[in-house]
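[1] Next one to model:
(one chain, ligands or ions: 1)
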Amino acid sequence: MKLAVIGCGYVGLVTGSCLAEAGHEVLATDNDAFRIATLQDGKIPIYELHLDSVVETVVREGRLRFTADCAEAVRAADVIFICVGTPPTDSGDADLSAIENVARLIARESSTPKLVVEKSTVPAQTGEQLKRALQVYARNTDVKFHVASNPEFLREGTAVEDFFHPDRIVVGVEDKESEQQLRELYAPILEGRFRCPVHQPNCPPAATPEFVVTTIASAELIKHASNSFLGLKISYANVLADLCERLGGNVDEVTRAVGLDPRIGGQFLKAGLGFGGFCLPKDIQAFIKLADRAGIEFGLLKEAERVNKQRIDRLLEKIKKALWVMKEKQIGVLGIAFKPNTDDIRLAPAIEVIRRLRAEGCVVRATDPEAMTRARVVFPDLSLLVDPYEVARGADALLILTEWEQFRRLDWKRIRNEMARPLVIDGRNMLRTADMQALGFEYMSFGRPEFAPVPSKF
Ligand code: UDX
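    Now for the predicted structure:
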């Protein structure tokens, strides 16, 4: 089976290279010729754990090839994965113009049967539109197109691991033939017949992933429903954190005990600065819009979104309460990426926090292990320093905005000595209050008891 991947962004690169690693022949393409040239040059334009070694191996072994000629990729393939972007429009709907362009290209260039698989996150009923577009733009009316939806559940930072060790593989299909083709495609993953790029020499024991076959509309909904539920869980934990602050509990203790109930589960109950990135916020927004258009009021999700947006206000309130006057205060920022192990800063809470601090007249210095190059594009005049100790030097406050493991391991005693005022505001509840207290810091986080050796209230 020959595969084409259209769109060499994050999803396309991970999907294409991992399917090649699983033994398939993949031709990957993108309409951004510079991106393809970069990839042909052996450079990976995103930071993702294990991705560079997977791409290097499969390119060397001849199973993955990059081409700027999208038509060539279409003509050669039996199965085509559409992995193009669906960014939000100003109204919050997903912009599907890239998907339509690809559909027209496939319709124009195909002379053999194709299974066209939606991988991009798309609103329900896109499959229907895609099928229609393939039919109406087809030059050769004898060519048979099948459409399927195969949503991805890849987390940035662990995407390669998630690809090879999924909880489930969801395929939305219209006929047995497409189901069978996708089952064959994923057989190496389902049967554990792959060389795992993550675990050496053996993968830890894990349950066999379930191959879930649904209608196309259900598969489209499953993606939105999963990501939105994760956002709901995080916002729920964040409201619990606010309650703990008022009522005197500790949110870490509360969510840990709540999450031990297997009906609830402990993941995605970490309180803090809220969710960012290009998936959760955008998918929730698109799901709300989708529901609105279907005449369903999804107030539950609107509230989760509102709670999430408020997290930044809550952090700013904490900073203002501690610093009193913001103008000309020196603020150090640890972490810019929307979460650790990625260089992605899209919709990262840190970006908005930095923007607002600067608008208040604060002098901000920041660091991040991977996201500095991207941050420089957004803030060309921001002081971005590689050394976290330099970020702390002379600071009136140090903010933790991404919970990178490197930050946990810093010499915090040294940090305390570098700072003008040893105040740490931990937006990710990364450090332990007792440890920070023992080191003599004023320490604030979300939903946990605060510690200030010198009273911060007048
Ligand atoms: C998400 C989904 O997890 C993945 O299945 C989907 O395919 C793509 O979208 P990703 O965007 O990589 O993945 O990030 P994720 O790990 O879900 O984290 C999203 C945000 O939520 C981050 O900003 C993270 O810091 C925040 N988060 C996560 C919390 O604030 N608390 C938590 O308990 C978990």
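
[2] Flag every residue of the stretch 101-250 of the chain that's near the ligand.
    Residues of the stretch 101-250 of the chain found near the ligand (Cβ under 6 Å from any ligand atom) are 152-156, 227, 230, 234. All C-beta spots, glycine's among them, are computed from the backbone N, C-alpha and C.

[3] What separation do you get for I331 and the ligand?
    Distance of I331 to the ligand, given as Cβ to the nearest ligand atom, to the nearest Å: 20 Å.

[4] cool, V258 as well?
    For V258, the distance to the ligand equals 12 Å [Cβ to the nearest ligand atom].

[5] Let me have the residues of the stretch 101-250 of the chain next to the ligand in TSV, adding secondary structure as columns.
    What follows is those, written out as TSV (DSSP: H, G, I helix; E, B strand; the rest coil):
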residue	secondary structure
E152	coil
F153	coil
L154	coil
R155	coil
E156	coil
N227	helix
L230	helix
I234	helix
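
[6] What subset of these is buried?
    152-154, 156, 227, 230, 234 (16 or more other Cβ atoms under 10 Å).

[7] ok, those vs V79, which is closest?
    Set against V79, the nearest of those by Cβ to Cβ is E152 (15.2 Å).

[8] List the contacts of the closest one.
    E152 is in contact with 11, 14-15, 119, 223, counting by Cβ atoms under 8 Å, 6 or more residues apart in numbering.

[9] Mind doing that once more with 10 Å?
    Residues in contact with E152, defined by Cβ atoms under 10 Å, 6 or more residues apart in numbering, are 10-11, 14-15, 81, 83, 119-121, 159, 162-163, 166, 169-170, 223, 279.

[10] Looking at those residues, which are in strands?
    81, 169-170 (DSSP state E).

[11] For ChimeraX, what selects the buried ones among the residues you listed?
    To isolate the buried members of those in ChimeraX, using 16+ other Cβ under 10 Å:
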select :81,169,170
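
[12] Strands along the stretch 201-350 of the chain, start to end?
    210-214, 330-334 (DSSP state E, counting those that start in this stretch).

[13] Would you check that my belief about D162 contacting L154 is correct?
    Yes - with contact defined as Cβ atoms under 10 Å, D162 and L154 form a contacting pair (4.8 Å).

[14] what residues does the stretch 251-400 of the chain put near the ligand?
    Residues of the stretch 251-400 of the chain lying close to the ligand (Cβ under 6 Å from any ligand atom) are 268-270, 272, 274-277, 279-280, 338-339.

[15] hey, where'd the strands end up in the stretch 1-150 of the chain?
    Taking DSSP E, counting those that start in this stretch, the strands of the stretch 1-150 of the chain run over residues 2-6, 25-29, 64-67, 79-82, 114-118, 145-149.

[16] Let me have those strands in CSV, extended by mean pLDDT and distance to T255.
    CSV is the format used below for the strands of the stretch 1-150 of the chain (pLDDT from 0 to 100; distance: least, Cβ to Cβ, whole Å):
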stretch, mean pLDDT, distance to T255
strand 2-6, 97, 38
strand 25-29, 98, 41
strand 64-67, 98, 41
strand 79-82, 98, 37
strand 114-118, 97, 35
strand 145-149, 97, 33
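
[17] Serialize those strands to CSV and add fields for distance to A37.
    Formatted as CSV, the strands of the stretch 1-150 of the chain follow (distance: least, Cβ to Cβ, whole Å):
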stretch, distance to A37
strand 2-6, 17
strand 25-29, 12
strand 64-67, 9
strand 79-82, 21
strand 114-118, 26
strand 145-149, 31
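
[18] circling back: overlap in contacts, D162 and L154.
    In contact with both D162 and L154: 14, 18, using Cβ under 10 Å, 6+ apart.

[19] just for this structure, where's the confidence low?
    452-458 (pLDDT under 70).

[20] picking that back up, quick check, nearest of the ones in strands among the contacts of E152 to K302?
    V170 (26.0 Å).

[21] now that closest one: how far from Y186?
    Remark: distance between V170 and Y186 (Cβ to Cβ, to the nearest Å) = 11 Å.

[22] Now do the shared contacts for the two.
    Common neighbours of V170 and Y186 (Cβ under 10 Å, 6+ apart) are 150, 211.

[23] Going by residue numbers, what spans are helices in the stretch 101-250 of the chain?
    Here the stretch 101-250 of the chain has its helices, by DSSP state H, counting those that start in this stretch, at 126-137, 159-164, 176-190, 216-247.

[24] The stretch 351-458 of the chain now?
    According to DSSP H, counting those that start in this stretch, the helices that the stretch 351-458 of the chain contains are 372-378, 388-392, 405-408, 412-418, 433-438.

[25] Go through the ones you listed and pick out the most buried.
    Across those, averaging neighbours per residue (mean count of other Cβ atoms under 10 Å) puts helix 388-392 on top, at a mean of 22.

[26] contacting residues for E191?
    E191 touches T208, counting by Cβ under 10 Å, 6+ apart.

[27] where does it sit relative to E152, distance-wise?
    20 Å.

[28] I216 now?
    In this view, I216 and E152 are 15 Å apart by Cβ to Cβ.

[29] list the contacts for the closest residue to the ligand within the stretch 301-450 of the chain?
    Using Cβ to the nearest ligand atom, the closest approach of the stretch 301-450 of the chain to the ligand is made by K339 at 3.9 Å. By Cβ under 10 Å, 6+ apart, the contact set of K339 is 155-157, 275-277, 348-349, 402-404, 428.

[30] can you put these in a markdown table and add distance to E305?
    As requested, these are exported to a markdown table (distance: Cβ to Cβ, whole Å):
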| residue | distance to E305 |
| --- | --- |
| R155 | 20 |
| E156 | 20 |
| G157 | 23 |
| F275 | 10 |
| G276 | 12 |
| G277 | 14 |
| A348 | 16 |
| P349 | 14 |
| T402 | 21 |
| E403 | 22 |
| W404 | 26 |
| R428 | 20 |
